[in-house]
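Engineer: sharing a model that was predicted from the sequence below.
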Amino acid sequence: MATRPPTRSGAKPGATHQQIERRERFERARRDSLRPAADGPVAMYGWHTVTAALANPARRLRKLLATENAARRLADEGVASPITPELVRPSAIAERLTPDAVHQGLYLETDPLPSPAVEDLPAQGVVLVLDQITDPHNVGAIFRSAAAFAATAIVTTQRHSPDATGALAKAASGALEYVPLVSVQNLARGLAALKQSGFLVVGLDSSGDADLAGLPLRAPLALVLGAEGKGLRQLTKETCDHVARIELPGTIKSLNVSNAAALGLYVASRRLAGGQ
């Protein structure tokens, strides 16, 4: 016995191809209308991401959606919210996000945090510089490592970098509230400004001539990471004081960029703490 092929989600049995496509266009338009405009507030979701933002007095909050379970958890854990959450069903949050987003019952719209100028960064500790890393999950994971190692800031380019919203904010798990994000128009000029402030600028690349653990590191220190596959651009390498590799004992000699950032921060923090 022949079986009817399954219809697409939301389509009625017997619907024509044109009707299905029209319904899908309508649904896409409706979902897009629920999301903040590109030049408007940023969207944040997930428990750690949203609760960290709620606790940050520098955040200007616009809208908070919460399911009944999430609102109950906020109350049980004593999480104060400067704005009253709007109680909604989980689907009301899910339809504002991509299908793979895990929102845990919380959705927040807020203004972006102010971005300091690279020239105004304090000449202390370790700064991470990202050379056209575009994957929001990688950048979010780098923010999380930066917060764990008390990095001074993260510097990115205005173009070829993801916005501090959505998937990036979720992957950062609240770290956006603790590590300032600095955006520069030209990375080479940004690195020059860090040098002018006294930073030692070290690029991390698997083809580096020296092992990071063997370099004479000092604070303030800027570690520069490039995109996966491409690595550091040539002009970026030329602007660095050193280009170093992270020596690995195994057969694979390169790491995911977020893992490389965590390991680089670990090596640098140990070396700086030891005064070497």
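Structural biologist: Structure's in. What do you need? Numbering: from 1, shown residues only.

Engineer: host element of residue 238?
Structural biologist: Using DSSP states H and E, residue 238 maps to helix 234-239.

Engineer: chain center to that helix, what's the gap?
Structural biologist: Centroid separation for helix 234-239 versus its chain: 24 Å, with Cα atoms, centre = their mean, to the nearest Å.

Engineer: now do the buried residues in that helix.
Structural biologist: 236-237, 239 (16 or more other Cβ atoms under 10 Å). (C-beta placed from N, C-alpha, C; glycine too.)

Engineer: so is the residue positioned nearest the centre of the chain in a helix, a strand, or just coil?
Structural biologist: By Cα atoms, centre = their mean, the chain has its centre lying nearest to residue 140, at 2.7 Å. Following DSSP: H, G, I helix; E, B strand; the rest coil, residue 140 is assigned to helix.

Engineer: skip the chain neighbours and tell me the closest residue to it.
Structural biologist: Leaving aside its sequence neighbours, residue 140 sits nearest to residue 171 (Cβ to Cβ, 6 or more residues apart in numbering; 2.5 Å).

Engineer: against residue 44, how distant is the residue nearest to the centre of the chain?
Structural biologist: Relative to residue 44, residue 140 is positioned 11 Å away (Cβ to Cβ, to the nearest Å).

Engineer: re the thing from before, so can I have CSV of the buried residues of helix 234-239 showing distance to residue 74 and pLDDT?
Structural biologist: Shown next, in CSV, are the buried residues of helix 234-239 (distance: Cβ to Cβ, whole Å; pLDDT from 0 to 100):
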residue, distance to residue 74, pLDDT
236, 43, 96
237, 47, 95
239, 46, 96
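
Engineer: can you map out the helices along the stretch 151-276 of the chain?
Structural biologist: Secondary structure of the stretch 151-276 of the chain (DSSP state H, counting those that start in this stretch): helices at 166-172, 187-196, 234-239, 257-273.

Engineer: am I right that residue 129 sits in a helix?
Structural biologist: No: using three-state DSSP, the assignment for residue 129 is strand, not a helix.

Engineer: for the closest residue to residue 71 other than its chain neighbours, the count of nearby residues, please.
Structural biologist: Closest residue to residue 71 apart from its sequence neighbours, by Cβ to Cβ, 6+ apart: residue 85 at 5.6 Å. Residues near residue 85, counting by other Cβ atoms under 10 Å, number 20.

Engineer: shared neighbours, residue 140 and residue 44?
Structural biologist: Residues within reach of residue 140 and of residue 44 at once, by Cβ atoms under 8 Å, 6 or more residues apart in numbering, are 169-170.

Engineer: can you pull out the strands in the protein?
Structural biologist: Assigned by DSSP state E, the strands in the chain fall at 42-45, 61-66, 86-87, 106-110, 126-131, 153-157, 181-184, 200-204, 210-211, 221-226, 242-245.

Engineer: tell me which of those sits most buried.
Structural biologist: Each of the strands of the chain was scored by mean neighbour count; the highest is strand 126-131, a mean of 26, by mean count of other Cβ atoms under 10 Å.

Engineer: report how many residues lie close to the closest residue to residue 217 other than its chain neighbours.
Structural biologist: Counting by Cβ to Cβ, 6+ apart, residue 271 is the residue found nearest to residue 217 once chain neighbours are left out, at 4.8 Å. For residue 271, the number of neighbouring residues by other Cβ under 10 Å comes to 19.
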